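Quick one, fold the following:
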Amino acid sequence: MNKKSGNGNEWIRLCEDCMWITLRRLLDLEDMEGAQKEGLTWIMTSDRNDGYNCVFDLDLDPEPADRELDRALSRFRDRGRHSWWWVGPTAQPKDLGQRLAARGFRKDENLTCMALDLTKPLPRAARPKELELTLIRDTELLQRMMDVFCPAVNIPPAQGRQAFESILTESGQPDPAYRHHVGLKEGRVACSSSYFRMKDVIALDYVSTDPDFRRKGYGRAVFLNALKGAVQEGCTGAVLLATEMGRPLYSSLGFREVGTMTIWTDSPQEKDVPA
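Residues are numbered from 1 along each chain as shown. Purely as a prediction, here's the structure:
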């Protein structure tokens, strides 16, 4: 990709695409149903957790938008499901948030779209001597990584199982489309950072540090190791969606903010999110 220096819209679109690719992988799981259609994609799971009952990639014409929103929403409410609606910077119509709020939705979380030019030198950082950095090549270590990642980011067990299955091949092996990097402390998974490629750009995911090993430089070390691996593979850019907790780390490594992804939910649980 040769538009890293100026075209923010390209970065925004890549950030959105990386999330849509991750979510669409769930459609291949046995207990999922959904459809990718013009204007939006919806996914529903047997689990009542709203994280994987969701609508995304919204691109609706303003006039029929209300009808399409109600049609999609009824699929979930008729089954007693709450849902997440992912509204990115390019979502249409532009007043989509207001239309969702009128239907009982509230902002659940704001994620920051961030991008990094991998053609520039990466920051230098000393690897903690006690930390072993390795690339996952077997299912057992991948499961151990997910056992750390899911609790660290508050993913419920059922949703965690679905996330794990979505990064396996049909034969039950780690999907080669992903590169999963972990840091091991005395054989225990302490931190992780994964990515998949979209041509010459990587989308980072599954970034976490076990609470027992935070503030030791482990997360930074495994994250930089993943970036170095991407550079060695010839990648020229990186994108991710950052939580409020993760944003300072990514900013310190040179990532810049290019937009905001808002998750809207009709779940009754209260959670204050800055406007």
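
Quick one: find the helix or strand in the protein with the lowest mean pLDDT.
helix 157-166 (a mean of 82; mean pLDDT, DSSP states H and E).

quick one: that one to chain centroid distance?
14 Å (Cα atoms, centre = their mean, to the nearest Å).

Which positions in that helix come out as buried?
The neighbour-count check on helix 157-166 (16 or more other Cβ atoms under 10 Å) flags Ala158, Gln159, Gly160, Arg161, Gln162, Ala163, Phe164, Glu165, Ser166 as buried. Placement of C-beta: from N, CA and C, glycine included.

Which member of those is positioned nearest Glu10?
Ser166 (26.5 Å; Cβ to Cβ).

wait, doesn't the closest one sit right on Leu29?
Yes. Checked against Cβ atoms under 8 Å, the pair Ser166 and Leu29 is within contact range at 6.3 Å.

re the thing from before, determine which two of the buried residues of helix 157-166 are furthest apart.
Ala158 and Ser166 (13.0 Å).

so where is the stretch 151-275 of the chain shaky, pLDDT-wise?
The model of the stretch 151-275 of the chain has pLDDT under 70 over residues 269-275.

One more pass at 50, please.
271-275 (pLDDT under 50).

So which residues of this structure form helices?
For the chain, the helices defined by DSSP state H occupy 8-24, 62-77, 96-101, 139-152, 157-166, 218-232, 247-252.

burial count for Ser171?
Neighbour count of Ser171, defined by other Cβ atoms under 10 Å: 6.

Give me the distance between it and Pro89.
Ser171 sits 38 Å away from Pro89, taking Cβ to Cβ, to the nearest Å as the criterion.

which residues touch the residue lying closest to Trp42 once chain neighbours are set aside?
In space, and not counting its chain neighbours, Trp42 is closest to Val55: 4.8 Å by Cβ to Cβ, 6 or more residues apart in numbering. Taking Cβ atoms under 8 Å, 6 or more residues apart in numbering, we find Val55 in contact with Leu40, Thr41, Trp42, Ile43, Ala72, Ser83, Trp84, Trp85, Trp86.

In strands, which of these appear?
Counting by DSSP state E, the contacts of Val55 place Leu40, Thr41, Trp42, Ile43, Trp84, Trp85, Trp86 in strands.

Trp264 against Leu100, yeah?
Yes. Between Trp264 and Leu100 there is a contact at 4.8 Å, judged by Cβ under 8 Å.

one step back: what's the closest of the ones in strands among the contacts of Val55 to Ala65?
Distances from Ala65 to these, taken by Cβ to Cβ, are shortest for Leu40, at 9.9 Å.

Skipping its backbone neighbours, what lies nearest the closest one in space?
Once flanking residues are discounted, Leu40 sits nearest to Leu58: 5.0 Å by Cβ to Cβ, 6+ apart.

dump the residue contacts of that neighbour.
The contact partners of Leu58, taken as Cβ under 8 Å, 6+ apart, are Gly39, Leu40, Trp85, Trp86, Val87, Gly88, Ala91, Gln92, Leu96.

Am I right that the second one is in contact with Asp57?
Yes. Taking Cβ under 8 Å as the contact criterion, Leu40 and Asp57 are neighbours in contact, 6.1 Å apart.

dump the residue contacts of Leu111.
Applying Cβ under 8 Å, 6+ apart, the residues near Leu111 are Leu241, Ala242, Thr243, Thr260, Met261, Thr262, Ile263.

one more time with 7 Å
Leu111 makes contacts with Leu241, Ala242, Thr243, Met261, as judged by Cβ atoms under 7 Å, 6 or more residues apart in numbering.

which pair in those residues spans the largest distance?
Thr243 and Met261 (10.8 Å).

So which of the two has more stuff around it?
More crowded of Thr243 and Met261, by other Cβ under 10 Å: Met261, with 21 against 13.

ok now do that one, which residues does it touch?
Met19, Trp86, Gly88, Leu111, Cys113, Leu241.

What is the neighbour count of the first one?
The local packing count at Met19 equals 21, with neighbours defined by other Cβ under 10 Å.
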